[in-house]
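Asker: Sequence first, then the predicted structure:
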Amino acid sequence: MCGRLRDDARGLLFDLKVQQAKSRRKPNLLVFLPDQQRADTIKSYGGRVHTPNLDQLAAQSAVFQQAYVTQPICTPSRSSLMTGTWPHANGCTRNFLILDPHWRCLPELIADADYRSGYIGKWHLGNEMFAQHGFEEWVSVENDPRYQKLVSPGRDHAVVSEYSKFLFARGLKPRAGRDYFDNWFATYLPIELSKSKFLEGKACEFLENYKSEPFVLFVAFFEPHSPYNGPLNEEHQLDEVDVDPTAGDVFGPDMPLRYRLRQESDRKRYGDPPEKYREAKRNYFGLVSLVDRSVGAVLAKLETLGLVDNTIVIHTSDHGDMMTAHGLMRKEVLFQEAVRVPYLVRLPGQRSGFSIPQPVSHIDFAPTVLDLLGKGLHEQCVGRSRAPLVRGESMAPETIFLQWTPGKTPKVAKGTKLASSAQIERALGESTRAAITPEGWKLCLRDKDKNELYNLRSDPHEQHNLFSASEQKDVVSRLGAEIRRWQKHAGDSVEV
């Protein structure tokens, strides 16, 4: 449907000019940032998940059909979204690292005292408990000890999250042997006590409190991140859930060893017997639907307050989820299911949507937001504004780049026979740099493991690694040169 609306771009431009003329206030910004939502969970991306509110938002938005994260894991990806810089540059190359205070986040990049700013939900860039990086209003949800270790010097480690206070106030107690509410605990609660519902209420409070002032508000849902469990597990029937066509594929020796190790590990945990894949995916769909309900409630509040015609609304995610594709779960790989995310942008007063087919990167998120808010490009941002595309104008398609830096979450099945200990250690330490072209070529180059080349147009499920095919040597050479030129420009010293 969005594709058919592409012809409405001229009318959209006219409507926006009318709305801008009517508006005397600076535009607001409302960003929904669910964790681990892959693109095809929304109808406009071919999804079958029950997401009526996101479907309606997409029908009124610019829909980036090929939106890619910078690195498919939480902290690195969020660092790029917030700062407009690459993870290798800002230092957030893996999870559970603190974004250094000298890197400016969006409120600091906007640098406008008229704006009230709020961050509600999962932060994952360090300290979860205290307002930082220019955000004034702060609502925390995480109390995992791994986050508590990141509390800044001089802060109180005993501080609990706002969500924990919410649960304690309702008489709930952590599981036996724990003094905090872990992520599993929350997944067994009814909807009214879920993290999503809690954040929905806090977001609506923020809108009510600052309805008369320009604002920037991020609503960062924990869902649909694992564990794959929640109050809407039964929202979808099992026959509505398709296991990915590549779920049964077994990687051969031409594939990276790290991926082969992950596949073996994930199959043992999630796919034995294979029907467990379908159950996990059904629960994941339920978590997406849970987020959708809260998105709908916040958008309804925006409508009730008369703020729709002066608010930019964005919905995207920090990475996707393999969710049975190639027999894998979660993220940390560069397959499409993990690196491609939904990216919807509705401008003030916009009533009709359209599709944008060319690839774009989250490295351009901050520059685009600054442009849409009428601010200039900040010198910290290394990407480009894609605001012309959002406004229905044209821009020349470009190659986009991705990266992977080794983290501390190795996935290896106990007693694996796939490789020796030394080979496994080397593979788990691999770095990847990748390129995706407008023509559909995807090249992944590694420093310590096998490389990959796919033609996404003829092989959208990435089942045929063409890297060693003699007829594709020119493609490998050309894209490899592009990757290295980008690395040089981005100050990236990894040799692939």
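Answerer: All right, it came through fine. In this text the structure is predicted, and so the values were computed from the model without any measurement.
Asker: alpha carbons only for contacts and neighbour counts from here, please
Answerer: Will do.
Asker: Now do the helices in the stretch 1-150 of the chain.
Answerer: Along the stretch 1-150 of the chain, the segments classed as helices by DSSP state H, counting those that start in this stretch run 9-22, 52-59, 74-83, 87-90, 106-110, 145-148.
Asker: For the residue minimising distance to the centre of the chain, give me its contacts.
Answerer: Centroid-nearest residue in the chain, with Cα atoms, centre = their mean: residue 318, separated by 1.8 Å. Shown here is residue 318, whose contacts under the criterion Cα atoms under 8 Å, 6 or more residues apart in numbering are 33-37, 69, 72-74, 77-78, 341.
Asker: Quickly name whichever of those residues is closest to residue 269.
Answerer: Residue 269 lies nearest to residue 36 out of those, by Cα to Cα, at 18.9 Å.
Asker: The closest one: neighbour count?
Answerer: By other Cα atoms under 10 Å, the residues close to residue 36 number 29.
Asker: what do you get for residue 394?
Answerer: By the criterion of other Cα under 10 Å, residue 394 has 12 neighbours.
Asker: what's the pLDDT at the nearest residue to it once chain neighbours are set aside?
Answerer: In this structure, residue 394 finds its nearest non-sequential neighbour in residue 388, 6.5 Å apart by Cα to Cα, 6 or more residues apart in numbering. On pLDDT, residue 388 comes in at 98.
Asker: Against which helices or strands is the one helix or strand residue 388 maps to packed?
Answerer: Element membership of residue 388 [criterion: DSSP states H and E] is helix 387-390. On a contact count with 3 or more Cα pairs under 8 Å, 6 or more residues apart in numbering; DSSP states H and E, helix 387-390 meets helix 365-372.
Asker: Please, where are all the helices along the stretch 301-450 of the chain?
Answerer: Secondary structure of the stretch 301-450 of the chain by DSSP H, counting those that start in this stretch: the helices cover 336-339, 365-372, 387-390, 421-428.
Asker: Packing partners of the second one?
Answerer: Helix 365-372 makes packing contacts with helix 74-83, helix 106-110, helix 387-390 when contacts are defined by 3+ Cα pairs under 8 Å, 6+ apart.
Asker: what's the offset of that helix from the middle of its chain?
Answerer: On the basis of Cα atoms, centre = their mean, to the nearest Å, helix 365-372 sits 17 Å off its chain's mean C-alpha point.
Asker: which residues touch it?
Answerer: Under the criterion Cα under 8 Å, 6+ apart, residues 81-84, 106, 109-110, 376-378, 381, 383-387 lie in contact with helix 365-372.
Asker: Tell me which of the helices and strands packed on helix 365-372 is the most buried.
Answerer: A comparison of these by mean neighbour count, using mean count of other Cα atoms under 10 Å, puts helix 74-83 on top with a mean of 26.
Asker: Can you tell me how far residue 397 is from residue 461?
Answerer: Plainly put, residue 397 is 22 Å away from residue 461 if you go by Cα to Cα, to the nearest Å.
Asker: and residue 179, what pLDDT?
Answerer: For residue 179, pLDDT reads 78.
Asker: okay, now it: neighbour count?
Answerer: Neighbours of residue 179 (other Cα under 10 Å): 10.
Asker: Check residue 91 too.
Answerer: 16.
Asker: Who are the contact partners of the residue lying closest to it once chain neighbours are set aside?
Answerer: Among residues not flanking residue 91 along the chain, residue 99 sits closest, at 7.2 Å (Cα to Cα, 6+ apart). Applying Cα under 8 Å, 6+ apart, we find residue 99 in contact with 79, 90-92, 125-126.
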